[in-house]
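Colleague: Just need the structure, nothing else, for what follows:
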Amino acid sequence: MTTTAPSDVRPDPPHSPDDHSLAEFGYRQELHRSLGRYASFAAGFSFISVLTTVFQFFAFGYAFGGPAFFWAWPVVLVGQLLVAACFAELAARYPISGAIYQWSSRLSNLTFGWFAGWIMVIGQIVVVAAAALALQMVLPAIWSGFQLIGTDPAPTSADGAANAAVLGVILLVLTTLVNILDNRVMSLINRVGVTAEIIGAILIVVLLLTHSERTPSITFHTTGAAQSGLFGALAVGSFTAAYVMIGFDSAGEMSEETRDPRRTAPRTILTALGAAGLLGGLIVLGGLLAAPSLTDGHLSVDGLSYVLTSSLGDGFGKVLLADVVVAIAVATLAIQTAACRMLFSMARDGQLPFAARLSRVNPRTGMPSAPALVVGVLAAALLLLNFSSPEAFLAIGTTCIVMLYLAYAMVTGPLLLRRLRGEFTTDGTDEKGAKLFSLGRWGIPINALALVYGLLMTINLAWPRAAVYDPAGGHWYFQWFTAVFLLVTVLLGFLYQGVKARRGTSVPEGAVAGAPVESA
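Modeller: So this is what the prediction gives:
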């Protein structure tokens, strides 16, 4: 593995500039700063994990949008690149764990930032559950023995939904153990997994494009789409791209464990999203071109697993599917790690119940163990919804996207207000004297477009379409699951804030409560 040089796992010197930069924000260096540039890139790329997410949601996108759902991909990629550009600026100025919470708090106020962090961490826990469910799309296609419950492996069937939950819980046990062990072990698994995923993704793209059955002109058709009209097909078909291209901010989440984070995190946020967006788009296009048939119903049920095994043969197709399994496992690990860092950051400021326990870092491993257990247990509990109905799969997947999109908007919104008031500085240098990443005069238009895009996509994703969320009928709670889940999350947040206000809980001196944005 020549890409993972030994320098990626060397611990920082005891009195490095990075330790000093963290002290500026009122925090001690407790997490082990051992991640290099490739490890930081891996953190963002493995959260996005194109093989996990494209294989998981390709069938859904095709079912509702037909071949034309491909065009939602570049739209979402451009929109998310606008958001990522804003985040890159903030990562350079606030290299702190709990990125969304920290950024929103410093751009607005602690209460608003707390809600951004609260919504984000709940969303991340839901993403962990959704990622773990992806094993059902791949493992039974490799070997029928992985279908532990029933005989029908389709995730839309009762057997498939229940089996997905069992496989997901097994995976969560393993990722939770890794998140307790050591951040160097976690980083090594991430880097090896991401390298394997990139190689596998490139190979899949090449093989699919060389086994094309039709021309790219097919992407201008909505034949067979369940959603009527081109706009409707693209609006629902965009769920696939929206689900894939989230989590690029996790490179910022790992800032306290990254060497030279002011320079590294902004680059890896943008490169992780750009690389994932390009590879994912080519995989979607290749799948549409190489599918044996667009009308036999397989694409809208079995998705890309069907394309690989049908077009490339069972043997080679299953080898590539095994690489997808690695990607799913690493993605689940990376998402759980990001959620752990968010819990740790909020608890360190005394902003969560059991804060002392959640903010405790094992000095030997450099890992906060309690958050790993909390995230693992809560994500496993969500998987139990799959036993109630196959529709839970889509409800969980869509809910996590909406939660993250809303949390992103709670950063880009206050950031835009700061820019318009002239209160956000675009200059500054890092510890080595290099200029920090900046959008310069493009900051306001890029930021404004990022906010508008994020809000429109949040509404689109959360809209309670009965045909999408409750196609069989009789499950109103799945149709309204996202809206209800978000409402309950916010209400619980208000309840906790009220209890905390009565107790007079405060944050540590120098932490987010008193850190103005200009001081960066």
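Colleague: can we go C-alpha only for contacts and neighbour counts from here?
Modeller: Will do.
Colleague: tell me the centre residue of this structure?
Modeller: With distances taken as CA atoms, centre = their mean, the residue of the chain nearest its centroid is residue 247 (3.0 Å).
Colleague: Which helix or strand contains it?
Modeller: According to DSSP states H and E, residue 247 maps onto no helix or strand at all.
Colleague: residues contacting it?
Modeller: Applying CA atoms under 8 Å, 6 or more residues apart in numbering to residue 247 gives the contacts 44, 47-48, 335.
Colleague: Now do it against residue 356, distance only.
Modeller: 27 Å (CA to CA, to the nearest Å).
Colleague: likewise residue 222?
Modeller: Residue 222 is 54 Å from residue 356, by CA to CA.
Colleague: okay, those two: which has more neighbours?
Modeller: Neighbour count, other CA atoms under 10 Å: between residue 222 and residue 356, residue 222 has more, with 22 against 13.
Colleague: pretty sure that one is touching residue 62, no?
Modeller: No - between residue 222 and residue 62 there is no contact under CA atoms under 8 Å: 9.1 Å.
Colleague: shared neighbours, those two?
Modeller: By CA under 8 Å, 6+ apart, residue 222 and residue 62 have these common neighbours: residue 69.
Colleague: residue ranges of the strands in the stretch 401-520 of the chain, please?
Modeller: Counting by DSSP state E, counting those that start in this stretch, the stretch 401-520 of the chain forms no strands at all.
Colleague: what does the chain give?
Modeller: With DSSP state E, there are no strands along the chain.
Colleague: what's the longest helix in it?
Modeller: helix 314-348 (DSSP state H).
Colleague: Where does the prediction get shaky in the protein?
Modeller: 1-21, 429-433, 504-520 (pLDDT under 70).
Colleague: ok, 50 please
Modeller: Low-confidence segments of the chain, defined by pLDDT under 50: 1-18, 508-510, 513-520.
Colleague: Residue 104 and residue 409 touch, don't they?
Modeller: No - judged on CA under 8 Å, residue 104 makes no contact with residue 409 at a distance of 9.5 Å.
Colleague: So for those two, which residue has more residues nearby?
Modeller: Shown here are residue 104 and residue 409; by other CA under 10 Å, residue 104 has more neighbours (29 against 22).
Colleague: mind listing what the more buried one touches?
Modeller: 110, 112-113, 116, 410-411, 414.
Colleague: As JSON lines, those residues with neighbour count and distance to residue 311 would be great.
Modeller: Formatted as JSON lines, these follow (neighbours: other CA atoms under 10 Å; distance: CA to CA, whole Å):
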{"residue": "110", "neighbour count": "21", "distance to residue 311": "54"}
{"residue": "112", "neighbour count": "18", "distance to residue 311": "51"}
{"residue": "113", "neighbour count": "25", "distance to residue 311": "49"}
{"residue": "116", "neighbour count": "25", "distance to residue 311": "45"}
{"residue": "410", "neighbour count": "28", "distance to residue 311": "44"}
{"residue": "411", "neighbour count": "29", "distance to residue 311": "44"}
{"residue": "414", "neighbour count": "21", "distance to residue 311": "49"}
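Colleague: ok so, going back, quick one, phi/psi of the residue nearest to the centre of the chain?
Modeller: Phi and psi for residue 247, reported as degrees, to the nearest 10, are phi 90, psi 0.
Colleague: Give me the distance between it and residue 299.
Modeller: Residue 247 sits at a distance of 27 Å from residue 299 (criterion: CA to CA).
Colleague: Can you get me a residue count around the nearest residue to residue 154 once chain neighbours are set aside?
Modeller: Of all residues not flanking residue 154 in the chain, residue 160 sits nearest, at 5.0 Å (CA to CA, 6 or more residues apart in numbering). When neighbours are counted by other CA under 10 Å, residue 160 registers 25.
Colleague: same check, this time on the one 4 residues further on
Modeller: Residue 164 has 32 neighbouring residues, counting by other CA under 10 Å.
Colleague: List the contacts of it.
Modeller: 133-136, 155, 386.
Colleague: which of these count as buried?
Modeller: The neighbour count (16 or more other CA atoms under 10 Å) marks 133-136, 155, 386 as buried among the contacts of residue 164.
Colleague: Which pair of those residues spans the longest distance?
Modeller: 135 and 386 (13.5 Å; CA to CA).
Colleague: Could you find the closest non-adjacent residue to residue 162?
Modeller: That would be residue 387: by CA to CA, 6+ apart, it lies 4.9 Å from residue 162.
Colleague: do the same with residue 302
Modeller: The shortest distance from residue 302 to any non-neighbouring residue, by CA to CA, 6+ apart, is to residue 59 (6.3 Å).
Colleague: Residue 55 is in contact with residue 139, isn't it?
Modeller: No - assessed by CA under 8 Å, residue 55 is found out of contact with residue 139, at 11.8 Å.
Colleague: out of these two, which sits in the busier spot?
Modeller: Counted by other CA under 10 Å, residue 55 and residue 139 do not tie: residue 55 has more neighbours, with 26 against 22.
Colleague: For the stretch 1-150 of the chain, which segments are assigned as helices?
Modeller: Ranges of helices in the stretch 1-150 of the chain, per DSSP state H, counting those that start in this stretch, are 17-23, 37-48, 50-65, 72-93, 99-107, 110-133, 139-142.
Colleague: Quick one: closest of those helices to residue 251.
Modeller: Evaluated with CA to CA, the helices of the stretch 1-150 of the chain place helix 37-48 nearest to residue 251, the distance being 5.0 Å.
Colleague: tell me which residues in stretch 437-446 are buried?
Modeller: Buried residues in stretch 437-446 (16+ other CA under 10 Å): 437-439, 443-444, 446.
Colleague: Do a quick rundown of the helices in the stretch 251-400 of the chain.
Modeller: Counting by DSSP H, counting those that start in this stretch, the helices of the stretch 251-400 of the chain are 261-290, 303-312, 314-348, 355-358, 369-383, 392-420.
Colleague: Pipe these into JSON lines and attach distance to residue 188 per row.
Modeller: Converted to JSON lines, these look like this (distance: least, CA to CA, whole Å):
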{"stretch": "helix 261-290", "distance to residue 188": "17"}
{"stretch": "helix 303-312", "distance to residue 188": "28"}
{"stretch": "helix 314-348", "distance to residue 188": "11"}
{"stretch": "helix 355-358", "distance to residue 188": "24"}
{"stretch": "helix 369-383", "distance to residue 188": "18"}
{"stretch": "helix 392-420", "distance to residue 188": "27"}
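Colleague: With residue 181 as the reference, name the closest of the ones you listed.
Modeller: Nearest to residue 181 among the helices of the stretch 251-400 of the chain is helix 369-383 (8.4 Å), distances taken as CA to CA.
Colleague: Remind me what that closest one packs against, helices and strands.
Modeller: Counting contacts by 3 or more CA pairs under 8 Å, 6 or more residues apart in numbering; DSSP states H and E, helix 369-383 is packed against helix 110-133, helix 158-181, helix 314-348, helix 355-358.
Colleague: Pull out the buried residues from the shortest one.
Modeller: Same thing as helix 355-358. For helix 355-358, a neighbour-count test (16+ other CA under 10 Å) marks 355, 358 as buried.
Colleague: when you give positions from now on, start the count at 349
Modeller: In the new count, where the first residue is 349, that last one comes out as helix 703-706.
Colleague: packing partners for it?
Modeller: The contact analysis (3+ CA pairs under 8 Å, 6+ apart) places helix 703-706 against helix 662-696, helix 717-731.
Colleague: These: which one's closest to residue 563?
Modeller: helix 662-696 (22.2 Å).
Colleague: how many degrees apart are that closest one and helix 447-455 in direction?
Modeller: Using axes from the mean of the first three to the mean of the last three CA atoms, to 10 degrees, the inter-axis angle of helix 662-696 relative to helix 447-455 is 40 degrees.
Colleague: So which bits of helix 662-696 are buried?
Modeller: 665-666, 668-696.
Colleague: By neighbour count, which of the contacts of residue 595 wins?
Modeller: residue 395 (35 neighbours).
Colleague: wait, that residue sits on residue 684?
Modeller: No - between residue 395 and residue 684 there is no contact under CA under 8 Å: 9.0 Å.
Colleague: any chance of the contacts of residue 512 in JSON lines, with distance to residue 608 too?
Modeller: Compiled in JSON lines, the contacts of residue 512 are given as follows (distance: CA to CA, whole Å):
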{"residue": "481", "distance to residue 608": "35"}
{"residue": "482", "distance to residue 608": "34"}
{"residue": "483", "distance to residue 608": "35"}
{"residue": "484", "distance to residue 608": "39"}
{"residue": "503", "distance to residue 608": "43"}
{"residue": "734", "distance to residue 608": "42"}
